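Novice: Just need the structure, nothing else, for what follows:
(one chain, ligands or ions: 1)
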Amino acid sequence: MKILISTLHTKAAGLVVGLSLVSLSVTAQVSSTEATVAAIVQEANDRSQLKRLAHELMDGVGPRLVGSGKMVQASDWAIAQYGQWGIPARRENYGTWRGWDRGVTHIDMGAPWTRSIEGTQLAFSPATKKPVTAETIILADAADSLAFQQWLPNVKGKFVLISMPQPTGRPDYNWNEFGTKASIEKMKAERTALADAWKKRISKTGLSNAKLADALEKAGAAGIVASNWSSGFGVNKIFAAFTKKIPTVDIALEDYGLLYRLTESGKQPSISIYTQSKELGTVPTFNTLAEIKGTEKPNEYVMLSAHFDSWDGGTGATDNGTGTLVMMEAMRILKAVYPHPKRTILVGHWGSEEQGLNGSRAFVEDHPEVVSNLQALFNQDNGTGRIVNIGGSGYANAKDYLGRWLAAVPKSITDSIKTNFPGMPGGGGSDHASFVAVGVPAFSLGALNWSYFNYTWHTNRDTYDKIVFDDVRSNAILTAILVYMACEDPERSSTEKAILPNGPNGPQKWPAPVKSKRAGGYDN
Ligand SMILES: [Zn+2]
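Specialist: Numbers count the residues shown, from 1 in each chain. Next up is the predicted model:
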């Protein structure tokens, strides 16, 4: 890219000869945009910090569950990192949450034979003081809620299996590659029937998932065993526990199926579960912010946005470690090549997105001075892939300004991007929605999925090795250029709303703002 820069300079110098003074200033402007873009590309390629940042955040700190000590550690790390780059950063508390630190989980089968079981406690699961050994029992298929209440005493002293047995541990793409048409259809019919039957089994208890956990706990169960398969080899989704005293663990499909079949056939498997974790009481929840002050219009803002929290079955590498890396690296690059932006550049590393966009909603409520002077916000939150979709969030004129900004991005990056203008304001999928709900220009940078939904999103396999660094680097370049262009644009971006197309139920409405949840936990 060094070659590119000198080419640009030569070209600009050549053009200047013999041109009028007016053309000279236009040429200078164009070439300064091109030179800055080239410098952004060069900084990203020659001095990338992505691997180091990814290692420090995902491997060094680990997962970033709301309310955990690791979330604080990650925030401290980011603030120190920004400090090293000369970018002022701060933590901003907006509420509280139930504090909990994950400890070890050990699960072993002792009978009818010995095997270490792959599984982990759900987030916020209570700890056992020592290993608890007990037999397993399958949640009964009771006729109705009354029959279920009569059956409940059977769980006393047992681990209760509460998830459906999967008929196959092979993902559909594997069946499609090797199955016959008939065998695939048969498997799918069987799976649908099992899933429907299991749904009925749960609904006949008359209890929600949370109330069911409560009922099992009160009936003296030793613990709850679930398996939330994510439809890929070896991959489960790990969310939060509802129990208050007994552990709730998720067991991988392969081992869960083994235990289920052994229990069903009367072979009385016995497992021992040992969970360690620490309750931290009520702790602050917060956003982590960093800022490069604007020179000409310091009260107008261009924002970078990615949630900082994660679920904790893996290390939150693609949800949303990679979005975080994109924004941190873009900030570093901007500080290096564009240290005196016209508008103020602000990055929001949000807390508690996973519990309902809480950090970004709180920021929108607490910072009208930023929100009402927002030139643009760019959010990324769907994995490690290169950006392939950018929409106008339902703003009538987004095509004009986003189109202008995108025109400055190298073709090698924009070639794979599909734009959708004016697009839709969207619901609560990620943090840009908190801003769109109050009618300010915020946009999602939509990534190529790289099997995100099955393999990494909220799973036990969301780890460093899934990061595709070339794609993340491309996204950092794209983001830095969009932010630079939005800062330089002489015009304020229009917030005029487009007329939304009809949905299945008639005219669609702009989404209304939702209040942030500023206190809570999973103890309901
Ligand atoms: Zn996310």
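
Novice: contacts and neighbour counts: CA atoms only from here.
Specialist: Will do.

Novice: Give me the neighbour count for the residue lying closest to residue 317 once chain neighbours are set aside.
Specialist: In this structure, residue 317 finds its nearest non-sequential neighbour in residue 463, 4.9 Å apart by C-alpha to C-alpha, 6 or more residues apart in numbering. For residue 463, the count of nearby residues is 21 (other C-alpha atoms under 10 Å).

Novice: So residue 463 sits against residue 320, correct?
Specialist: No. With contact defined as C-alpha atoms under 8 Å, residue 463 and residue 320 do not form a contacting pair (10.8 Å).

Novice: Need the overlap of contacts for these two.
Specialist: The contact sets of residue 463 and residue 320 do not overlap (C-alpha atoms under 8 Å, 6 or more residues apart in numbering).

Novice: Quick one: residues in contact with stretch 394-407.
Specialist: 392, 414, 421-425, 441, 481-482, 485-486, 493-500.

Novice: rewinding a little: now the residue nearest to residue 317: how far from residue 379?
Specialist: The spacing between residue 463 and residue 379, counted by C-alpha to C-alpha, to the nearest Å, is 21 Å.

Novice: near the ion, which residues of the stretch 401-524 of the chain?
Specialist: For the stretch 401-524 of the chain, no residues are found near the ion under the criterion C-alpha under 5 Å from the ion.

Novice: Could you tell me which ranges of the stretch 401-524 of the chain sit under the pLDDT cut-off?
Specialist: Along the stretch 401-524 of the chain, the model assigns pLDDT under 70 to residues 428, 522-524.

Novice: Pull the contacting residues for the closest residue in space to residue 238 that isn't next to it in sequence.
Specialist: Spatial nearest neighbour of residue 238, chain neighbours left out: residue 313 (5.2 Å); criterion: C-alpha to C-alpha, 6+ apart. Going by C-alpha under 8 Å, 6+ apart, residue 313 touches 63, 120, 122-123, 237-239, 458-462.

Novice: Repeat that for residue 297.
Specialist: 342-344 are the contacts of residue 297 under C-alpha under 8 Å, 6+ apart.

Novice: can you count the residues close to residue 337?
Specialist: 19.

Novice: wait, it sits on residue 35?
Specialist: No. With contact defined as C-alpha under 8 Å, residue 337 does not count as touching residue 35 (9.9 Å).

Novice: quick one: secondary structure of the closest residue to the ion within the chain?
Specialist: Per C-alpha to the ion, residue 319 is where the chain lies closest to the ion, at 4.5 Å. When classified by DSSP: H, G, I helix; E, B strand; the rest coil, residue 319 comes out as helix.

Novice: Going toward the C-terminus from the strand or helix carrying residue 301, what's the next helix or strand?
Specialist: According to DSSP states H and E, residue 301 maps onto strand 297-307. Beyond strand 297-307 on the C-terminal side, the first helix or strand identified by DSSP H and E is helix 322-337.

Novice: Quick one: work out the angle between that following helix and strand 297-307.
Specialist: With axes from the mean of the first three to the mean of the last three C-alpha atoms, to 10 degrees defining the directions, helix 322-337 sits at 150 degrees from strand 297-307.

Novice: thinking again about what came up before, against residue 228, how distant is the residue nearest to residue 238?
Specialist: Counting by C-alpha to C-alpha - residue 313 and residue 228 are separated by 12 Å.

Novice: and for the two, which residues touch both?
Specialist: In contact with both residue 313 and residue 228: 237-238, using C-alpha under 8 Å, 6+ apart.

Novice: Can you work out which other helices and strands pack against the helix or strand hosting residue 211?
Specialist: If you go by DSSP H and E, residue 211 is part of helix 209-218. Helix 209-218 sits against strand 223-226, with contacts defined as 3 or more C-alpha pairs under 8 Å, 6 or more residues apart in numbering; DSSP states H and E.

Novice: Quick one: residues contacting the residue nearest the centre of the chain.
Specialist: Nearest to the mean C-alpha position of the chain, by C-alpha atoms, centre = their mean, lies residue 319 at 3.2 Å. Taking C-alpha under 8 Å, 6+ apart as the criterion, residue 319 is in contact with 310, 381-383, 456-458, 462.

Novice: Please dump the residues you listed into a markdown table; it should also carry secondary structure and neighbour count for every row.
Specialist: Output for the contacts of residue 319, formatted as a markdown table (DSSP: H, G, I helix; E, B strand; the rest coil; neighbours: other C-alpha atoms under 10 Å):
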| residue | secondary structure | neighbour count |
| --- | --- | --- |
| 310 | coil | 28 |
| 381 | coil | 23 |
| 382 | coil | 25 |
| 383 | coil | 30 |
| 456 | helix | 28 |
| 457 | coil | 25 |
| 458 | coil | 28 |
| 462 | coil | 30 |
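
Novice: and the two most separated of those residues?
Specialist: 381 and 462 (13.6 Å; C-alpha to C-alpha).

Novice: following whichever strand or helix holds residue 363, which helix or strand comes up?
Specialist: Taking DSSP H and E as the criterion, residue 363 maps to helix 358-366. For helix 358-366, the following helix or strand on the C-terminal side (DSSP H and E) is helix 368-371.

Novice: now stretch 290-304: how far from the chain's centre is it?
Specialist: 26 Å (C-alpha atoms, centre = their mean, to the nearest Å).

Novice: If you count neighbours, what's buried in it?
Specialist: Buried residues in stretch 290-304, counted by 16 or more other C-alpha atoms under 10 Å: 290-294, 299-304.

Novice: What about the ion: which of those touch it?
Specialist: Okay, of these, nothing touches the ion (C-alpha under 5 Å from the ion).

Novice: For the residue nearest to residue 515 when sequence neighbours are not counted, grab the count of nearby residues.
Specialist: Nearest non-adjacent residue to residue 515, counting by C-alpha to C-alpha, 6+ apart: residue 361, 6.7 Å away. Neighbours of residue 361 under the rule other C-alpha under 10 Å: 24.

Novice: Report the separation between residue 361 and residue 512.
Specialist: Residue 361 is 12 Å from residue 512, by C-alpha to C-alpha.

Novice: Do me a favour and get the end-to-end distance for stretch 126-134?
Specialist: 17 Å.

Novice: what does it rub up against?
Specialist: So stretch 126-134 is contacted by 157-159, 222, 243-248, 270-278 (C-alpha under 8 Å, 6+ apart).

Novice: same thing but at 10 Å, please
Specialist: Here stretch 126-134 makes contact (C-alpha atoms under 10 Å, 6 or more residues apart in numbering) with 100, 102-110, 121, 156-160, 221-223, 241-248, 268-279.

Novice: Understood, closing this out.
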